[in-house]
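*Asks:* Predicted model and sequence follow; I will ask about them next.
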Amino acid sequence: MLEKIQKMLTVRSRIVREMLAEALGMFILMVFGLSAVAQVVLGRGAFGQLLSINLAFGIGVTLGIHAAGGISGAHLNAAITLTHCILGNLPWRKLPAYLIGQFLGSFMASVTVFAIYYDALHVYTKGNFTVTGPTATASIFSTYPAPCVSVLGGFFTEFMATVMLLLGILIIHDEKNNEALKGTQALLTGILVLGIGLGMGMNTGYAINPSRDLPPRIFTAIAGWGMEVFTAGHHWWWVPVIAPSLGSLAGVLIHKLFIDIHNQPDPERGSEKGQSPHPVVETSTL
């Protein structure tokens with residue numbers, strides 16, 4: 001009986017399976033990350049600090065990659081998916097499925113964290129959900145620039161943080177250079193995100209990912225924070241969408257110019273490890 005039910009529920013379309021994998025991976029990533037932010041904000045520092053937020057996003061990235069990596073490559077980032085398409089590593093026809101999966105997972109994670117902390121949100125805000133002010137809570141779900149940061153400064157921060165993200169991912173997966181040991185890539189990518197948060201999180205909250213920022217922003221607009229989520233910070237909302245997309249492309253270009261085009265695979269190195277000289281690269285690499 002269970003086998004029959006399983007066969008009925010099995011999705012045979014590869015694109016749909018990839019969409020579902022991206023959705024689950026993104027959901028895991030965002031539940032860990034957003035719930036940590038909620039604890040810090042609503043607990044007024046009694047239940048964690050910025051370090052706990054950075055660690056939670058790192059853990060979420062690691063587990064999200066493990067969940068989706070073998071199916072979709074675990075992009076978990078619209079900027080990375082777009083870069084894959086531009087470089088020809090992913091067919092353009094798959095772009096909508098990947099984005100729908102990522103956005104759905106991110107949106108549902110926002111709904112989940114909102115439900116978990118619904119009571120605490122109402123106590124903290126007295127039922128008045130605001131984007132700015134002493135009891136602002138919109139930043140639990142999406143990123144906003146620090147008061148001292150200009151739009152240009154914030155754009156450059158997001159751009160460079162995403163450049164470092166892509167450089168790190170490419171280094172971790174570079175089979176022609178000093179790639180990470182098989183099975184450690186997800187953990188190292190989580191540590192990479194942790195490092196970005198530790199070093200470049202102050203200015204903008206290091207969105208570095210349109211799929212991390214835009215769906216929760218849409219959710220907060222619907223859930224009671226209103227359209228101010230799109231106008232706050234001098235209409236900040238577009239920066240975490242555009243800057244990471246450009247930063248992703250720039251990161252790939254920098255890696256190619258400084259490392260990739262000058263370095264060729266060493267057949268002897270692959271043979272020594274008992275591997276094919278040209279191993280198959282997961283779609284999570286660029």
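*Replies:* Received, thanks.
*Asks:* Residue 211 and residue 239: what is the separation?
*Replies:* Distance of residue 211 to residue 239, computed by Cβ to Cβ, to the nearest Å: 15 Å. Every C-beta, even on glycine, is put in place using the N, C-alpha and C of the backbone.
*Asks:* Could you check which of those two has the larger neighbour count?
*Replies:* residue 211 (31 against 25; other Cβ atoms under 10 Å).
*Asks:* Check the more buried one and give its pLDDT.
*Replies:* Note on residue 211: pLDDT of 98.
*Asks:* in the helix or strand containing it, what counts as buried?
*Replies:* Assigned by DSSP states H and E, residue 211 belongs to helix 210-220. Going by neighbour count (16 or more other Cβ atoms under 10 Å), the buried part of helix 210-220 is 210, 211, 212, 213, 214, 215, 216, 217, 218, 219, 220.
*Asks:* and what of stretch 43-53?
*Replies:* 48, 50, 53.
*Asks:* What of stretch 79-96?
*Replies:* Here stretch 79-96 shows 79, 80, 81, 82, 83, 84, 85, 90, 94 as buried, counting by 16+ other Cβ under 10 Å.
*Asks:* Kindly report the same for stretch 106-116.
*Replies:* Those buried within stretch 106-116 under the rule 16+ other Cβ under 10 Å are 106, 107, 108, 109, 110, 113, 114.
*Asks:* cool, stretch 29-41 as well?
*Replies:* Across stretch 29-41, burial judged by 16+ other Cβ under 10 Å covers 29-41.
*Asks:* For it, C-alpha coordinates in CSV please.
*Replies:* The C-alpha coordinates for stretch 29-41 follow below in CSV (Å, rounded to 0.1, in the frame of the first residue of the first chain):
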residue,chain,number,x,y,z
LEU,A,29,18.1,28.0,5.1
MET,A,30,15.6,30.7,5.8
VAL,A,31,13.9,29.1,8.8
PHE,A,32,17.3,28.8,10.6
GLY,A,33,18.4,32.3,9.6
LEU,A,34,15.2,34.2,10.2
SER,A,35,14.3,32.5,13.5
ALA,A,36,17.7,33.5,14.8
VAL,A,37,17.1,37.1,13.8
ALA,A,38,13.7,36.9,15.5
GLN,A,39,15.2,35.7,18.8
VAL,A,40,17.8,38.4,18.8
VAL,A,41,15.4,41.2,18.1
